[in-house]
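Sharing a sequence plus its predicted fold:
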Amino acid sequence: MVFGTLLKLGGYFIIDSDWFWFLAGLAITIEGIIALVKQKQFDKKYKIVLKK
């Protein structure tokens, strides 16, 4: 997304702002799904033990 922004601001890449924000939202959604999957894998591998 950073490179896309820089290319758009530099005038090398022309894209409608609606499509740009759609792609940004899609990227954030995919990043969130990946983080959720990784967190579930971590939680399965390591158990939290509370000290009393």
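That came through, no problem. This is a predicted model, so every value here is computed, not measured.

in what helix or strand does the most centrally placed residue in the chain lie?
For the chain, the residue nearest the mean C-alpha position is Glu31 (2.8 Å; C-alpha atoms, centre = their mean). Assigned by DSSP states H and E, Glu31 belongs to helix 17-45.

got it, and Gly4?
Using DSSP H and E, Gly4 falls in helix 2-10.

what's around Leu7, how many residues?
Per other C-beta atoms under 10 Å, the neighbour tally for Leu7 reads 13. To be clear about C-beta, it is placed using only N, CA and C from the backbone, and glycine gets the same treatment.

any idea how far it is from Ile14?
9 Å (C-beta to C-beta, to the nearest Å).

What of Val37?
From Val37 to Ile14 the distance is 35 Å (C-beta to C-beta).

So for the two, which residue has more residues nearby?
Legend: neighbour count by other C-beta under 10 Å for Val37 and Ile14, higher for Val37 (10 against 7).

contacting residues for the more buried one?
For Val37, the contact set (C-beta atoms under 8 Å, 6 or more residues apart in numbering) is empty.

I'd like to know how many residues surround Phe20.
15.

Also the one 5 residues further on?
Neighbours of Gly25 under the rule other C-beta under 10 Å: 10.

Please apply the same query to Lys38.
With other C-beta under 10 Å as criterion, Lys38 counts 10.
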